[in-house]
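Trainee: What would the 3D arrangement of this be:
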Amino acid sequence: MSLRSRQCVYEHARTMFEPFPLSYPSGQCHAARSLLFGRSICETRRSAGLSLEEAARLSGMQISEWLAIEAGYAPQDINRLRAMADTMEISFERIATVVLLCREA
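Mentor: Okay, here's the model as predicted:
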């Protein structure tokens, strides 16, 4: 993993567990966590060496659907999540946990 990638992962991990100020409206918290979810998917895809097109095709999705996910849309369909996990060679539990955190924000 390159230095830049490690720094990016560190920064995402640091901000993931940093509490939001109490003055943040709940909608902004959800939007921020959705964005974090999308960035996490993007970095995981890149770490797996996959282009957008490859990831979408291997997951059985349209490119526009994968782009929406990287923009912060968390899929509701468990089969989509399983396909994404398989494509990026990560555990289903990892991706499902991130989705649950995003939804409950």
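Trainee: hey, let's count contacts and neighbours off CA atoms from now on
Mentor: Will do.
Trainee: the bottom helix or strand of the protein by mean pLDDT?
Mentor: Lowest on mean pLDDT, DSSP states H and E among the helices and strands of the chain sits helix 3-16, with a mean of 55.
Trainee: The following helix or strand past that helix packs against which elements?
Mentor: Next helix or strand after helix 3-16 toward the C-terminus (DSSP states H and E): helix 26-47. Here helix 26-47 touches helix 3-16, helix 63-70, helix 92-103, going by 3 or more C-alpha pairs under 8 Å, 6 or more residues apart in numbering; DSSP states H and E.
Trainee: Averaged pLDDT, helix 26-47. What do you get?
Mentor: Mean pLDDT, helix 26-47: 81.
Trainee: now the helix or strand just after it against helix 63-70, angle please.
Mentor: With elements assigned by DSSP H and E, the helix or strand that comes after helix 26-47 is helix 52-59. The directions of helix 52-59 and helix 63-70 differ by 100 degrees, with axes from the mean of the first three to the mean of the last three C-alpha atoms, to 10 degrees as the criterion.
Trainee: Quick one: residues contacting residue 63.
Mentor: For residue 63, the contact set (C-alpha atoms under 8 Å, 6 or more residues apart in numbering) comprises 52, 53, 56, 57.
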